[in-house]
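Q: Give me the fold of what follows.
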Amino acid sequence: MPFQLHFGESDLLRCRFALSPLFETQEAVRTLRRTGRHGYHLPWLRRIREASGALDLEPLWLLMPAVGHNPDFICPPPIGPLATFEAEIAAVRAVDPEVARADMALALADRRGGSASPVGRRLLADPARAVRELADLLEQAWQALIEPYWPRLRALLEADITYHSRRLADSGLEQLLGELSPRLSWNGSTLTVAGTQGDHERVLGGQGLVLMPSVFVWPEVVGGHEEPWRPGLIYPARGIGGLWSESGDRTPETLARLLGRVRADVLCALDEPAGTSTLAHRLGLAPSSVSDHLSVLRGAGLLTSRRYGHQVLYERTPLGIALAVSV
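A: Numbering: from 1, shown residues only. Purely as a prediction, here's the structure:
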């Protein structure tokens with residue numbers, strides 16, 4: 001069943017990228033229950049098994065039906081492009097309890113027996129308490145499931161935004177949306193999201209669209225947020241196949257002997273264009289050290305660099321690609 005977003009002329013000028021640590025937390029909680037999402041995240045699931053087992057996530061899971069409405073108030077659109085978890089969870093705690101109650105009621109109606117269950121009745125009976133309880137659970141989930149790995153996740157999400165921002169500049173919004181996922185299709189002024197969210201339409205009405213990459217949403221694309229929230233579209237981030245690999249896992253030993261372990265790790269980590277800070281987060285190295293290695297690799301003809309906005313992006317040359325994959 002399709003989810004459709006209808007654009008006006010002004011909406012095309014008001015689309016922007018953002019990332020959200022709160023959304024990643026919510027989707028991590030959802031992923032624990034959805035085995036179809038586990039394939040890319042088995043190393044993470046093993047690492048957080050004990051921590052996740054200590055959390056009582058049932059109230060959150062009850063509000064996450066596989067098909068239908070999911071509450072927007074527990075994951076509103078990002079406050080800005082550099083939103084912190086602390087700022088986002090503070091916004092959740094400040095939600096009007098009556099707005100939260102209506103949001104929860106919609107989600108529980110899409111879960112068989114949800115409204116009549118003990119947890120469902122408790123949430124609806126005292127929405128102010130429910131907001132505090134759910135915010136506390138999200139904060140605990142953030143601390144246990146996401147915060148220890150956030151530098152790695154943020155680096156991948158930032159790399160995705162950098163890549164797709166460049167594609168937007170090169171090819172325009174229509175082509176970009178078609179590249180984000182095969183589940184998206186564009187017809188005239190309407191974006192259709194194929195999937196299991198239910199048959200729903202929303203006219204953007206000049207608000208534009210927030211485009212958010214997500215590590216945990218794969219293989220789905222989520223069209224989100226009802227009034228009064230700004231519309232959002234959440235899509236799978238590029239590069240999640242290597243997200244949980246340690247640097248040594250993707251670096252051939254013969255290449256490490258040829259270039260040195262760290263320099264070889266830097267070369268092999270450039271599966272897509274990235275900046276110094278992104279690589280430093282990805283590899284767990286100091287930015288100054290990464291910068292030195294990038295300069296040497298570029299001088300050897302293995303990398304090329306170009307400025308994009310406020311950062312310099314590095315990517316492998318044909319020689320660098322051949323060396324990284326064939327040694």
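
Q: Give me the buried positions along the helix or strand containing Cys268.
A: In this assignment (DSSP states H and E), Cys268 forms part of helix 261-269. Neighbour counts over helix 261-269 (16 or more other CB atoms under 10 Å) mark Val262, Arg263, Ala264, Asp265, Val266, Leu267, Cys268, Ala269 as buried. Quick note: C-beta positions are derived from backbone N, CA and C, even for glycine.

Q: what helices or strands is that helix leaning on?
A: helix 253-259, helix 276-283, helix 287-299, helix 318-326 (3 or more CB pairs under 8 Å, 6 or more residues apart in numbering; DSSP states H and E).

Q: so can I have TSV of the ones you listed showing mean neighbour count and distance to Phe23?
A: Formatted as TSV, the helices and strands packed on helix 261-269 follow (neighbours: other CB atoms under 10 Å; distance: least, CB to CB, whole Å):
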stretch	mean neighbour count	distance to Phe23
helix 253-259	15	37
helix 276-283	21	19
helix 287-299	17	27
helix 318-326	15	32
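
Q: Dump those to a markdown table, plus mean pLDDT and distance to Cys15.
A: Listed next are these as a markdown table, based on pLDDT from 0 to 100; distance: least, CB to CB, whole Å:
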| stretch | mean pLDDT | distance to Cys15 |
| --- | --- | --- |
| helix 253-259 | 88 | 40 |
| helix 276-283 | 86 | 23 |
| helix 287-299 | 95 | 31 |
| helix 318-326 | 76 | 32 |
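
Q: Ok, which of those comes nearest Thr35?
A: Closest to Thr35 of the helices and strands packed on helix 261-269 is helix 276-283 (CB to CB; 27.3 Å).

Q: Find the residue at the geometric middle of this protein.
A: Ser214 (1.6 Å; CA atoms, centre = their mean).

Q: Next up, the contacts around it.
A: Going by CB atoms under 8 Å, 6 or more residues apart in numbering, Ser214 touches Phe23, Glu24, Glu27, Leu157, Val222, Ile234, Tyr235, Pro236, Ala237.

Q: tell me which element the second one is part of?
A: According to DSSP H and E, Glu24 maps onto helix 21-33.

Q: In terms of secondary structure, what does that helix contact?
A: Looks like helix 21-33 contacts helix 58-62, helix 85-93, helix 127-141, helix 150-171, strand 210-214 (3+ CB pairs under 8 Å, 6+ apart).

Q: 6 Å instead, please
A: Judged by 3 or more CB pairs under 6 Å, 6 or more residues apart in numbering; DSSP states H and E, helix 21-33 is in contact with helix 85-93, helix 127-141.

Q: Please identify the most buried of these.
A: Per-stretch averages of neighbours, counted by mean count of other CB atoms under 10 Å, single out helix 127-141 among these, with a mean of 18.

Q: ok, and the closest non-adjacent residue to Ser291?
A: Closest residue to Ser291 apart from its sequence neighbours, by CB to CB, 6 or more residues apart in numbering: Thr276 at 5.1 Å.

Q: Kindly report the same for Arg111.
A: Distance criterion CB to CB, 6+ apart; nearest residue to Arg111, sequence neighbours excluded, is Pro65 at 4.5 Å.

Q: Need the per-residue pLDDT for that neighbour.
A: Pro65 is assigned 89 on the pLDDT scale.

Q: so where's this structure uncertain?
A: 1, 195-199, 224-225, 245-250, 308-309, 325-327 (pLDDT under 70).

Q: how far away is the nearest residue to His38 once chain neighbours are set aside from Ser52?
A: Nearest residue to His38, sequence neighbours excluded (CB to CB, 6+ apart): Leu45, at 6.3 Å. Leu45 sits 8 Å away from Ser52 when distances are taken as CB to CB, to the nearest Å.

Q: repeat for Gly208
A: With the distance defined as CB to CB, Gly208 ends up 36 Å from Ser52.

Q: Please apply the same query to Thr278.
A: Distance, Thr278 to Ser52, using CB to CB: 28 Å.

Q: and if you look at Arg111?
A: Noted for Arg111: a distance of 21 Å to Ser52, by CB to CB.

Q: again, but for Val193
A: Note on Val193: its distance to Ser52, by CB to CB, is 29 Å.

Q: Please consider this matter closed, and thank you.
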